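S.K.: here is the input, now give the coordinates:
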Amino acid sequence: MPPELDASAAPPQFPSSLLDALRQARHVLVFTGAGVSAESGIPTFREALKGLWERFDPRELATPEAFQRDPALVWGWYEWRRMQIRHAEPNPGHRAIATLARHVAQLSLVTQNVDDLHERAGSTVIAHLHGQISKPICFNCGLPTFHPEDRPEEPEGGRRLEPPRCGTCGGAIRPGVVWFGEPLPTEDWSHAMEAARSADLVISVGTSNLVYPAAEIPELAARRGATLILVNPAATAMDPIARYTLQGPAGVILPALVAAAFPSLGA
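M.R.: Predicted coordinates:
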């Protein structure tokens with residue numbers, strides 16, 4: 001279950017200069033990480049290796065070599081994770097980003113998350129830098145030949161599950177995510193870099209900004225002069241170059257920020 005928010009807590013306060021920058025921005029880039037989805041109850045990558053999966057290291061499950069060694073183990077784990085995502089719901093942070101897109105001249109949403117919670121909240125994502133768990137591909141030919149929603153089984157944690165076979169070449173179907181040692185998807189990376197080069201304001205949410213090359217996106221935008229706003233419960237690697245650091249959950253900070261910047265429209 002996602003963490004409960006204290007409804008009695010005073011709403012966050014923001015500098016007037018931050019609100020003015022958001023209102024005046026011509027192109028807002030929102031860059032999100034695992035912390036946003038964690039507030040919907042989806043464990044982060046390493047948190048997912050608890051319980052029945054705790055005996056495994058992420059690098060035992062999230063590499064092409066691991067899939068070649070034991071495809072049923074890897075596919076079973078990712079199907080378990082996919083079912084967690086399927087039963088989760090967008091949180092106020094997801095919804096606030098969708099609302100913000102209706103209030104600014106242009107908004108580009110780039111995410112490191114492999115779930116579809118942004119889309120379900122009403123946002124358009126221009127780049128899934130680490131792939132999408134709901135869009136598997138063939139390990140051999142790379143074609144998206146199988147849609148997991150067609151599978152009636154819902155595996156329990158720790159259960160091995162043989163992957164389906166590709167209808168084109170007969171190869172094993174793998175999760176459509178980026179594994180350790182693999183390059184980021186070319187088209188998504190291109191869209192993200194284009195947004196980083198043109199945005200004049202960046203909101204980085206729910207990420208420590210330690211995972212490269214994805215973390216290059218907000219860093220590039222900030223170094224070329226964009227206003228960088230960090231929203232995270234703890235300090236991040238990019239605090240030194242940020243214009244504003246807002247410490248707290250995305251589900252608290254983002255709705256309050258949108259409401260404060262655009263009070264006549266509402267969040």
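
S.K.: between its first and last residues, how far does stretch 204-223 reach?
M.R.: End-to-end distance for stretch 204-223: 14 Å, by CA to CA, to the nearest Å.

S.K.: check which residues of that stretch are buried.
M.R.: 204-209, 214-215, 217-222 (16 or more other CB atoms under 10 Å). Quick note: C-beta positions are derived from backbone N, CA and C, even for glycine.

S.K.: could you do stretch 221-233 as well?
M.R.: Neighbour-count burial for stretch 221-233 flags 221, 222, 226, 227, 228, 229, 230, 231, 232 (criterion: 16+ other CB under 10 Å).

S.K.: which one of these sits closest to residue 35?
M.R.: residue 232 (6.3 Å; CB to CB).

S.K.: gap between stretch 58-70 and the chain center?
M.R.: 22 Å (CA atoms, centre = their mean, to the nearest Å).

S.K.: how about the residue nearest to the spatial centre of the chain: what's its closest non-neighbour residue?
M.R.: Nearest to the geometric centre of the chain sits residue 113, at 2.4 Å (CA atoms, centre = their mean). What sits nearest to residue 113 in space, not counting adjacent residues and going by CB to CB, 6 or more residues apart in numbering, is residue 37, at 5.1 Å.

S.K.: and for residue 126?
M.R.: Nearest non-adjacent residue to residue 126 (CB to CB, 6+ apart): residue 191, at 4.6 Å.

S.K.: swap in residue 21?
M.R.: Leaving aside its sequence neighbours, residue 21 sits nearest to residue 227 (CB to CB, 6+ apart; 5.0 Å).

S.K.: could you list the low-pLDDT ranges of this protein?
M.R.: Counting by pLDDT under 70, the chain contains low-confidence ranges at 1-11, 46-55, 145-158, 265-267.

S.K.: and the strands in it?
M.R.: Remark: strands assigned in the chain by DSSP state E are 28-32, 107-111, 125-128, 137-138, 173-174, 201-205, 227-232, 244-247.

S.K.: neighbouring contacts of the third one?
M.R.: Looking back up the chat, that one is strand 125-128. Here strand 125-128 makes contact (CB atoms under 8 Å, 6 or more residues apart in numbering) with 108-111, 113-114, 118-119, 185, 188-189, 191-192, 195.

S.K.: quick check, nearest of these to residue 255?
M.R.: Nearest to residue 255 among the contacts of strand 125-128, with distances taken as CB to CB, is residue 118, at 15.1 Å.

S.K.: surely the residue nearest to residue 113 touches residue 90?
M.R.: No. The criterion here is CB atoms under 8 Å, and residue 37 misses it with residue 90 at 9.2 Å.

S.K.: looking at the two, which has the bigger crowd around it?
M.R.: Shown here are residue 37 and residue 90; by other CB atoms under 10 Å, residue 37 has more neighbours (29 against 23).
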